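J.: the following comprises the amino acid sequence and a computationally predicted model.
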Amino acid sequence: MSRPRRSEPRRKQLNLSLTERELASIEARAAALGMRAVHFSRALLLRAHRPPQTLRMTPSPAQPQSSNVDRLIHVQLVRLGNNLNQMMRHAHRVGGPMPDDLAPLLTDIRALIARLP
């Protein structure tokens, strides 16, 4: 199954020239929020129009602010999930047996997920 199409695809580009220091600052700030630099930059540019939830600096009472470690763990779990999904799709396509080391890996991932708040 492919990724669903956006109702309004992004087809236009805005190219910026930055110094090394400016780019490093953007990348560091994006990484601290678990975002890619391009998504972080877009959110900053458009926040007067629509403030992104990922850039909220003061937590709401219903949603406490996560620590940086929690965000990084979440990003890594998303990447692991993506890799597992690709492996399973390939295994189902070729009809081969499941890898022997898949069960311990899934056990480790489930243990990590269980420790998240």
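T.: On my side now, so go ahead.
J.: rest of the way, CA atoms for contacts and neighbours
T.: Fine.
J.: is I113 within a helix or a strand, and which one?
T.: Taking DSSP states H and E as the criterion, I113 maps to helix 102-115.
J.: got a list of contacts for that helix?
T.: Contact with helix 102-115 is made by L77, as judged by Cα atoms under 8 Å, 6 or more residues apart in numbering.
J.: nearest residue to the residue nearest the centre of the chain other than its sequence neighbours?
T.: By Cα atoms, centre = their mean, the chain has its centre lying nearest to V75, at 4.8 Å. Once flanking residues are discounted, V75 sits nearest to G34: 6.2 Å by Cα to Cα, 6 or more residues apart in numbering.
J.: for this structure, longest helix please?
T.: Longest helix in the chain by number of residues (criterion: DSSP state H): helix 68-94.
J.: and it, what does it pack onto?
T.: Helices and strands touching helix 68-94, by 3 or more Cα pairs under 8 Å, 6 or more residues apart in numbering; DSSP states H and E, are helix 20-32.
J.: so what touches the helix it packs on?
T.: 36-37, 40-41, 68, 71-72.
J.: lowest-confidence entry in the residues you listed?
T.: Ranked by pLDDT, the contacts of helix 20-32 bottom out at N68, which has 70.
J.: could you tell me how many residues sit around the residue nearest to it when sequence neighbours are not counted?
T.: Using Cα to Cα, 6+ apart and skipping residues adjacent in sequence, the residue nearest N68 is A32, 6.2 Å away. By the measure other Cα atoms under 10 Å, the count of residues near A32 is 15.
J.: ok, so what distance separates A32 from V69?
T.: From A32 across to V69, the span is 9 Å (Cα to Cα, to the nearest Å).
J.: try R36
T.: Counting by Cα to Cα, the gap from R36 to V69 is 16 Å.
J.: looking at those two, which is more packed in?
T.: R36 (15 against 12).
J.: mind pulling up the pLDDT for the closest residue in space to that one that isn't next to it in sequence?
T.: Closest residue in space to R36, ignoring its immediate chain neighbours: A30 at 5.9 Å, by Cα to Cα, 6+ apart. A30 carries a pLDDT value of 83.
J.: A30: neighbour count?
T.: A count of nearby residues for A30, using other Cα under 10 Å, gives 19.
J.: nothing else from me, thank you.
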